[in-house]
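Enquirer: Quick one: sequence plus predicted model below, questions after.
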Amino acid sequence: MRAAALAALVSPAAIGADLFDHYGGVVHVVTPPPTAPGSFGVAADALPDGRLVALTGSTVFVETGVGAGVFAPAAILGASLLAGPTDPGFIRVSPGGTRVAIGAGFGLPIIVFDAAALDPLAPTTLTPANAARFEVGHFDAAWLDETRLAIAAGAFGSPSIVTMLDVTSDPSAPVNPVIVSNIAGASGGVAFDSDGALYTGNGFDLTPATPRTSRTGAIKRFTPGEWSAGADFETGGRPVLELLSAGPLAFDADGDLLVGGGDFAQGQTGFVGVVRAGVLAGVIAGPLTVNPNNPAHVRRLDPIGDGSGFLGARAIRATDELLITGGPVWFTTSGRRPGDATGDGLVTGADLTAVLNAFSTTNRLADLTGDGVVNGADLTVVLNSWTGAAP
């Protein structure tokens with residue numbers, strides 16, 4: 001009975017047509033800001049309203065409109081705050097959208113500032129007067145709430161850790177205790193689910209010859225009680241799966257786990273993994289395990305199509321999109337049903353209106369075919385996918 005109940009829990013029929021089922025159907029190209037001199041890439045996240053934010057060099061960019069795909073400078077890291085450009089490890093917007101955290105890169109600080117400072121019309125210069133500079137190591141990070149930031153970090157050749165930074169603490173004496181220790185490898189990603197459980201992983205196995213230690217891509221879940229007491233990665237937590245290099249990690253609005261990175265040794269490169277929320281629920285309840293080779297458990301999204309490169313993933317919750325980063329162009333794919341431009345789960349006259357209002361633009365939310373422009377073909381998608389109003 002228990003096995004049957006778990007099977008029903010994770011079946012597509014039981015779950016319905018959720019975000020997981022629709023990712024990859026239509027893919028849009030997003031051109032990020034160009035990589036700035038001194039940086040080796042562009043970091044990304046999304047604001048609560050669905051606009052993308054990006055970081056490269058000393059500039060934070062914001063998308064000019066939801067779905068616009070055009071970026072404008074919104075904040076500048078002043079020389080008094082950071083003397084040179086970032087080599088951005090991450091940019092993360094807090095769940096409530098009140099704060100932004102920047103991981104400036106190896107040997108550089110984490111910088112935290114109020115999201116209200118982001119102004120694409122008159123970019124704010126960030127200084128010690130309106131931003132906090134924390135001298136703490138970092139690789140990736142995830143907000144638990146508006147004041148606590150979990151940070152995956154570690155020194156090369158030593159076990160990695162996860163710490164919890166109180167961003168309201170004194171930057172000269174930051175409160176940043178270790179909450180997960182003894183990850184037998186390089187740092188992976190870090191993310192929280194809706195229950196406050198922490199997910200993190202082994203980004204690169206540093207002890208492959210040592211038995212009974214985690215391997216590259218191993219991801220574990222730690223309950224709030226476990227991580228708040230201080231957990232040992234190798235001996236504690238609940239194993240979830242091994243995939244890519246376990247990071248970056250993120251959750252979408254349905255609770256699907258997004259996994260980026262790559263593992264050349266296992267031939268896992270060039271895709272982002274999406275672990276179905278229902279499967280994760282089965283893992284938590286036990287005894288279900290995630291099969292990374294089962295497409296009903298894990299979707300593999302390869303927008304480039306050649307299986308190369310290490311990719312990152314972020315959830316754009318306001319628009320039900322998944323953002324895939326990691327190269328000179330980014331990609332988005334919608335979790336909405338075909339023809340649903342408004343995101344209400346139905347295809348009705350409201351979607352016709354949304355397409356008509358964006359006609360001849362490049363807004364990706366109304367570009368239902370993914371051809372780069374809103375036109376008659378998108379109206380056809382709406383009409384062919386018509387559901388009518390809910391009964």
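Expert: Thanks, I have the structure now. Numbering: from 1, shown residues only.
Enquirer: residue closest to the middle of the chain?
Expert: Central residue of the chain (Cα atoms, centre = their mean): Arg314, 2.5 Å from the mean position.
Enquirer: ok, that one to Ala115 distance?
Expert: Using Cβ to Cβ, to the nearest Å, we find Arg314 at a distance of 16 Å from Ala115. Any C-beta I mention is one placed from the backbone N, CA and C, and that applies to glycine too.
Enquirer: what do you get for Thr163?
Expert: Distance, Thr163 to Ala115, using Cβ to Cβ: 23 Å.
Enquirer: Which of the two has more residues huddled nearby?
Expert: Shown here are Thr163 and Ala115; by other Cβ atoms under 10 Å, Thr163 has more neighbours (22 against 18).
Enquirer: doesn't Asn176 make contact with that one?
Expert: Yes. Thr163 lies in contact with Asn176 (Cβ atoms under 8 Å); the separation is 4.8 Å.
Enquirer: what is in contact with these two at once?
Expert: Shared contacts of Thr163 and Asn176, defined by Cβ atoms under 8 Å, 6 or more residues apart in numbering, comprise Val136, Ile151.
Enquirer: Who are the contact partners of the residue nearest to Thr98 when sequence neighbours are not counted?
Expert: Counting by Cβ to Cβ, 6 or more residues apart in numbering, Thr98 lies nearest to Glu146, which is 5.2 Å off, once chain neighbours are set aside. By Cβ under 8 Å, 6+ apart, the contact set of Glu146 is Ser94, Pro95, Gly96, Thr98, Arg99.
Enquirer: Could you report the separation of Glu146 from Asp49?
Expert: Glu146 sits 17 Å away from Asp49, going by Cβ to Cβ.
Enquirer: Kindly tell me how buried Ala79 is, as a neighbour count.
Expert: 11.
Enquirer: wait, Ala173
Expert: Ala173 has 7 nearby residues by other Cβ under 10 Å.
Enquirer: Ok, Phe40 next?
Expert: Residues near Phe40, counting by other Cβ under 10 Å, number 12.
Enquirer: Look up which residues are beta-bridged to Phe204.
Expert: Taking DSSP bridges, one finds Ala186 as the beta-bridge partners of Phe204.
Enquirer: where exactly do the strands run in the stretch 1-150 of the chain?
Expert: Counting by DSSP state E, counting those that start in this stretch, residue ranges of the strands within the stretch 1-150 of the chain are 27-30, 43-46, 52-56, 59-63, 71-77, 90-93, 99-103, 110-114, 124-126, 131-134, 140-143, 148-153.
Enquirer: Could the C-alpha coordinates of the second one be exported in CSV?
Expert: Taking only C-alpha atoms (Å, rounded to 0.1, in the frame of the first residue of the first chain), the coordinates of strand 43-46 have been written out as CSV:
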residue,chain,number,x,y,z
ALA,A,43,25.6,36.3,-12.6
ALA,A,44,21.8,36.3,-12.6
ASP,A,45,18.7,36.2,-10.5
ALA,A,46,15.1,37.5,-10.7
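Enquirer: name the helices or strands packed onto it?
Expert: Here strand 43-46 touches strand 52-56, strand 90-93, strand 312-316, strand 321-325, going by 3 or more Cβ pairs under 8 Å, 6 or more residues apart in numbering; DSSP states H and E.
Enquirer: Ok, the third one next?
Expert: Counting by 3+ Cβ pairs under 8 Å, 6+ apart, the packing neighbours recorded for strand 52-56 are strand 43-46, strand 59-63, strand 71-77, strand 90-93.
Enquirer: Recalculate using a threshold of 10 Å.
Expert: Packed against strand 52-56 by the contact rule (3 or more Cβ pairs under 10 Å, 6 or more residues apart in numbering; DSSP states H and E) you find strand 43-46, strand 59-63, strand 71-77, strand 90-93, strand 99-103, strand 312-316, strand 321-325, strand 330-334.
Enquirer: With respect to Leu352, which of these lies nearest?
Expert: Smallest distance to Leu352 across the helices and strands packed on strand 52-56 (Cβ to Cβ): 17.4 Å, for strand 330-334.
Enquirer: Moving C-terminal from that closest one, which element do we reach first?
Expert: Next along the chain after strand 330-334, taking DSSP states H and E as the criterion, comes helix 349-357.
Enquirer: What lies in contact with that next one?
Expert: 336, 339-344, 363, 365-368, 374-383, 385-389 (Cβ atoms under 10 Å, 6 or more residues apart in numbering).
Enquirer: helix or strand right after that helix?
Expert: That would be, after helix 349-357 and using DSSP H and E, helix 376-384.
Enquirer: Now do that next one, average pLDDT.
Expert: Regarding helix 376-384, the rounded mean pLDDT is 97.
Enquirer: How far does it sit from its chain's centre?
Expert: The chain centre lies 31 Å from the centre of helix 376-384; the measure is Cα atoms, centre = their mean, to the nearest Å.
Enquirer: what angle sits between that helix and helix 349-357?
Expert: 180 degrees (axes from the mean of the first three to the mean of the last three Cα atoms, to 10 degrees).
Enquirer: for helix 376-384, which positions count as buried?
Expert: Asp378, Leu379, Val381, Val382 (16 or more other Cβ atoms under 10 Å).
Enquirer: Report how many residues lie close to the residue lying closest to Pro208 once chain neighbours are set aside.
Expert: Closest residue in space to Pro208, ignoring its immediate chain neighbours: Arg215 at 7.3 Å, by Cβ to Cβ, 6+ apart. Counted by other Cβ under 10 Å, the residues lying close to Arg215 total 18.
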